[in-house]
Each structure stands twice: as C-alpha cells, then as structure tokens.
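> A structural model of the following input is requested.
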Amino acid sequence: MAKVESHRGLIVWQKAMDLAVETYRLTSKFPASENYRLVSQITRAAASVPANIAEGNARATKRDYANFLAIARGSLMETETLLMLAIRLQFVPQEETEHALGLVTEISKMLTVLRSRLNE
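Presented below is the predicted three-dimensional model:
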C-alpha cells in the first residue's frame, strides 16, 4: 500500500468531504424547526466521516487507523439513514439526494478496502 503524505491525499477523505458539503447543502432546505433536531444530527454525522478518516491516518498504528475507519463507516451509515429519513419526512425529494447517496455507497466500499489493506 502506497503511503500518502497526509489524509488530504486520500481519495476516500476527499469524497467524504464532498459528502459533508453535499449534506450541508441538502439540509439548508429543511424546515427551520429541524435546525436543532435532524439538521444538527445529520450534519454532525456527515462531518464525522472525513474527521475520523483524518484522525485515523494520523495515528501511530495500523490497528488504531483501522479502528477510526470503522468509526467513520459507522458515521457514514448514520448519515445514509438520516438522509433516507429526511426523504420519508418529505424534507427533501429523493432525486435531490441521489448524488449524496451515491457518495455514501462509494465511500463505504473505499473504507472497506482501505481497512482490509490495513489488516493484511
């Protein structure tokens, strides 16, 4: 596995940042009554994905790194679930979430591969 200079060089981190930005864009359309409920929860979950990838990358051991990638994947699944809840609550049309949900799938696969490489 090639070593990258920092987490910023990881494609999975870049895509996770894109997902966080997209989540903020989508939640800006939610009702104001959701600002301290669903908006707060979903944006926190989305921001946790790249944050945990970065923190794991900075850790001294592969085991610690893999653990933070697992945490990032958990936050990713939380983000997906909350986006799907927003669709069901009709806060955002499903077609507007397609890009974000596509990123979730892509990031999930990338995290799985990266984690498996760390465990080799």
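> Quick check: longest helix in the chain by residues?
Counting by DSSP state H, the longest helix found in the chain is helix 62-88.
> Show me what it is packed up against.
Packing partners of helix 62-88 (3 or more C-beta pairs under 8 Å, 6 or more residues apart in numbering; DSSP states H and E): helix 11-27, helix 38-58, helix 94-118. C-betas here are computed from N, CA, C, even on glycine.
> Same list, those helices, but as CSV with mean neighbour count and mean pLDDT please.
As requested, the helices and strands packed on helix 62-88 are exported to CSV (neighbours: other C-beta atoms under 10 Å; pLDDT from 0 to 100):
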stretch, mean neighbour count, mean pLDDT
helix 11-27, 20, 98
helix 38-58, 21, 97
helix 94-118, 16, 97
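> Mind checking those for the one nearest to residue 5?
Closest approach to residue 5 among the helices and strands packed on helix 62-88 (C-beta to C-beta): helix 38-58, 10.2 Å.
> related to what we said a few turns ago, dump the helices and strands packed on helix 62-88 to JSON lines, plus distance to residue 78.
Rendered in JSON lines, the data for those read as follows (distance: least, C-beta to C-beta, whole Å):
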{"stretch": "helix 11-27", "distance to residue 78": "11"}
{"stretch": "helix 38-58", "distance to residue 78": "4"}
{"stretch": "helix 94-118", "distance to residue 78": "10"}
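> who are the neighbours in contact with the spatially closest residue to residue 50 that is not a sequence neighbour?
Using C-beta to C-beta, 6 or more residues apart in numbering and skipping residues adjacent in sequence, the residue nearest residue 50 is residue 16, 3.8 Å away. The contact partners of residue 16, taken as C-beta atoms under 8 Å, 6 or more residues apart in numbering, are 49-50, 53, 72, 76, 107.
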